[in-house]
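1. Turn this into a model:
(chains A, B, C and D)
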There are 2 protein chains.
Amino acid sequence: MSEGNTAGSGRKPRLDRARVLSAALELVDEEGLEALTMRRLGQRLGRDPMSLYRYAENRSALLDGLTELVLGQLTVPHGMDWQATLRGAAHDMRRLALLHPNVVPLLMTRPLSTPLGLRPHGTVRPLEQILALLIDAGFTPAAALHVYRAFYAFLYGHLLNELQELVANPDESDAVLRLGLYHLPAKEFPRLRALAPVLADYDGARELDEGLGILLSGLAAALTATDK
Amino acid sequence: MSEGNTAGSGRKPRLDRARVLSAALELVDEEGLEALTMRRLGQRLGRDPMSLYRYAENRSALLDGLTELVLGQLTVPHGMDWQATLRGAAHDMRRLALLHPNVVPLLMTRPLSTPLGLRPHGTVRPLEQILALLIDAGFTPAAALHVYRAFYAFLYGHLLNELQELVANPDESDAVLRLGLYHLPAKEFPRLRALAPVLADYDGARELDEGLGILLSGLAAALTATDK
DNA sequence: CCCCTGAAGTCTACAATGTAGGCATACGGG
DNA sequence: CCCGTATGCCTACATTGTAGACTTCAGGGG
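-> Next up is the predicted model:
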């Protein structure tokens, strides 16, 4: 019986920020954000909860660390024209979101409470990279910022959209059941209910791609007209 | 001395779901989401915390109630063409977000954990209204859904974007200071830091409007080409 | 080899939170 | 007037984040 090391295998290989964060990420991936408590995380690492404070100041900083860990894995591709690059980055971001759906709320809302300059550098780097890309492609810095913002907005919004479709019974193919649509009074929500079949086969990658296509080409047109 | 009724004025005018929710909204508006605890809310209403459970099952349901209360105030305008209507709705949504910035994280993330059919009806109604609008404007139901999704994505993403600019010292006009940009190493983030002046005068309404213009006209073009 | 210093980890303790379960009380219909 | 039901309150508890003091331990200078 010995002791409560849930993870079991490795024996006390000296803690370390990266180790803490990735354990936290595993925990959140497996059991959701609520499960990420200092005590549970300590237990999973076979350590006293209090040890964590050597590596994370407080729980909120731990959450920031999580977003940093995930966003740090985002790769902005090289050697293509700017539109293809942005598309590539968007799809990679989508991949990360689907890989860690429970972290998505953090990705969306953490920045709301942290000014740009104080965010973990890893989370700001993609912004810098993309600005560089756009400026090298000939955009004015100000125009580059506009493009980035529109891109970011649509991307993040799309992810919010897409992850809603995963909710509930992911193994149920009938959208009426899967999304609990039968709870909506038919008189009040006729169009929505009629859309059940369409809701049933949602293709996130494609929807993202088409939206981006429209947005990016539109931006290119609008901006070349003025100051690009 | 009497008792701990912080709100002071009114004396026990019988509780009621609407009263509870709007007190919760005030509390969140004034002191942020963290301040919304059962005890604080009870105190503000001059009631025992436990009374709240008559009107809100649990804290999570209270948060859902908040999003419902705010989204219920969204008005989708009438009597214009579909693009103008969507624009109008977007600006009204923006108004609500700026009015209740602390609730925005809820608006963005609550739907992620609640299937469509189980959401408070007030939060689904705008979706139905907009679908109706688009279908009446001649779109296929499926096409209407696509338009709605792109619209919603950009709108929500834009709000995430815009609310980040409010963070930190809202009364400081210098963006370097206001956003803490001096914390970013100049070698690693040159473009971003150079953009400080542009970041300083951000016009959210305009940015929203221009993005929407591009997106909506692009959508119209793409869809009339196929099945609108 | 020993001891000493700082870091790494742990223990104890506390205030705050959500909420279950039982009780009081006030109100409205017979 | 009386009683049943909805409304509100009280007590109690398990769980959380985290402060502060203590322990353990690695490793480097005498």
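2. okay, CA-based contacts and neighbour counts for the rest of this
-> OK.
3. any idea which element A:Arg40 lies in?
-> Here A:Arg40 sits within helix A:38-45, counting by DSSP states H and E.
4. Which other helices and strands does the lowest-mean-pLDDT helix or strand in chain A contact?
-> Counting by mean pLDDT, DSSP states H and E, the weakest-scoring helix or strand in chain A turns out to be helix A:175-178, with a mean of 86. Based on contacts counted as 3 or more C-alpha pairs under 8 Å, 6 or more residues apart in numbering or on different chains; DSSP states H and E, the elements that helix A:175-178 packs against are helix A:196-200.
5. Please work out the average pLDDT along the helix ranked longest in chain A.
-> Counting residues, the longest helix in chain A under DSSP state H turns out to be helix A:141-164. Confidence over helix A:141-164, taken as the mean pLDDT, stands at 97.
6. Just want the angle from that helix to helix B:141-164.
-> With axes from the mean of the first three to the mean of the last three C-alpha atoms, to 10 degrees as the criterion, the two stretches helix A:141-164 and helix B:141-164 enclose an angle of 120 degrees.
7. mind giving me the domain ranges of chain A?
-> What automatic domain parsing lists as the domains of chain A is A:17-56, A:74-225.
8. Any part of the first one near DNA strand D?
-> Yes: Domain A:17-56 lies in contact with DNA strand D when judged by C-alpha under 7 Å from any atom of the strand; the contacting residues are A:Ala35, A:Leu36, A:Thr37, A:Met38, A:Arg39, A:Arg40, A:Pro49, A:Met50.
9. Now do the contacts for the second one.
-> Translated: A:Leu36. Applying C-alpha atoms under 8 Å, 6 or more residues apart in numbering or on different chains, we find A:Leu36 in contact with A:Ala24, A:Leu27, A:Val28.
10. which residues touch stretch A:67-87?
-> Contact with stretch A:67-87 is made by A:21-22, A:88-89, A:92-93, A:96, A:103, A:106-107, A:110, A:120-123, A:126, A:129-130, A:133-134, A:137, A:151, A:209, A:212, A:216, as judged by C-alpha under 8 Å, 6+ apart.
11. Pull out the buried residues from the residues you listed.
-> Buried subset of the contacts of stretch A:67-87 (neighbour count, 16 or more other C-alpha atoms under 10 Å in any protein chain shown): A:21, A:88-89, A:92-93, A:96, A:103, A:106-107, A:110, A:120-123, A:126, A:129-130, A:133-134, A:151, A:209, A:212, A:216.
12. Filter the residues you listed down to the ones in strands?
-> If you go by DSSP state E, the buried ones among the contacts of stretch A:67-87 have nothing in strands.
13. just those that are near chain B?
-> Contacts with chain B are made by A:His121 out of those, judged by C-alpha under 8 Å from any C-alpha of the partner chain.
14. Where helices are concerned, which of the buried ones among the contacts of stretch A:67-87 count?
-> Here DSSP H is the test, and the buried ones among the contacts of stretch A:67-87 give A:21, A:88-89, A:92-93, A:96, A:106-107, A:121-123, A:126, A:129-130, A:133-134, A:151, A:209, A:212, A:216 as lying in helices.
15. Kindly export stretch A:68-82 (C-alpha atoms) in CSV.
-> Output in CSV follows, covering the C-alpha atoms of stretch A:68-82 (Å, rounded to 0.1, in the frame of the first residue of the first chain):
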residue,chain,number,x,y,z
GLU,A,68,1.6,29.8,-21.8
LEU,A,69,2.3,26.1,-22.1
VAL,A,70,-0.4,25.5,-24.7
LEU,A,71,0.2,28.7,-26.7
GLY,A,72,3.9,28.0,-26.6
GLN,A,73,3.2,25.0,-28.8
LEU,A,74,1.7,27.1,-31.5
THR,A,75,3.8,27.1,-34.6
VAL,A,76,3.6,29.8,-37.3
PRO,A,77,4.7,28.2,-40.5
HIS,A,78,7.5,29.6,-42.7
GLY,A,79,8.2,30.2,-46.3
MET,A,80,4.7,30.9,-47.7
ASP,A,81,2.8,34.0,-48.6
TRP,A,82,1.1,35.8,-45.8
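16. how far out from the middle of the chain is that stretch?
-> Relative to the centre of its chain, stretch A:68-82 is centred 13 Å away, using C-alpha atoms, centre = their mean, to the nearest Å.
17. Could you give me the buried positions within that stretch?
-> Buried residues in stretch A:68-82, counted by 16+ other C-alpha under 10 Å: A:Glu68, A:Leu69, A:Val70, A:Leu71, A:Gly72, A:Leu74, A:Val76, A:Trp82.
18. ok, and of those, which contact DNA strand D?
-> Cross-checking those against DNA strand D (C-alpha under 7 Å from any atom of the strand) gives no overlapping residues.
19. Just name whatever secondary elements the one helix or strand A:Ala222 maps to is in contact with.
-> Using DSSP H and E, A:Ala222 sits in helix A:204-225. The helices and strands touching helix A:204-225, judged by 3+ C-alpha pairs under 8 Å, 6+ apart, are helix A:82-99, helix A:141-164, helix B:204-225.
20. how far off helix A:82-99 does it point, in degrees?
-> With the same axes, to 10 degrees applied, the angle from helix A:204-225 to helix A:82-99 works out at 150 degrees.
21. hmm, who's touching helix A:204-225?
-> Applying C-alpha under 8 Å, 6+ apart, the contact partners of helix A:204-225 are A:83, A:87, A:91, A:143, A:147, A:150-151, A:154-155, A:158, A:162, B:150, B:211, B:214-215, B:218-219.
22. so how many other residues sit close to A:Ser115?
-> Wrong residue type there; residue A:115 is Pro, not Ser. A total of 19 residues lie near A:Pro115 under the criterion other C-alpha atoms under 10 Å in any protein chain shown.
23. pLDDT value on the spatially closest residue to it that is not a sequence neighbour, please?
-> Ranked by C-alpha to C-alpha, 6 or more residues apart in numbering or on different chains and with sequence neighbours excluded, the top spatial neighbour of A:Pro115 is B:Leu179, at 5.1 Å. pLDDT, the model's per-residue confidence, is 89 for B:Leu179.
24. Tell me how many other residues surround B:Leu179.
-> Burial of B:Leu179, expressed as a neighbour count using other C-alpha under 10 Å, amounts to 26.
25. contacting residues for it?
-> With contacts taken as C-alpha under 8 Å, 6+ apart, B:Leu179 has the following neighbours: A:Pro115, A:Leu116, A:Gly117, A:Leu118, B:Glu165, B:Val167, B:Ala168, B:Asn169.
26. at 6 Å instead, please
-> Under the criterion of C-alpha atoms under 6 Å, 6 or more residues apart in numbering or on different chains, the contact list for B:Leu179 reads A:Pro115, A:Leu116, A:Gly117.
27. Tell me how far stretch A:58-68 lies from the chain's centre.
-> Distance of stretch A:58-68 from the chain centroid (C-alpha atoms, centre = their mean) equals 14 Å.
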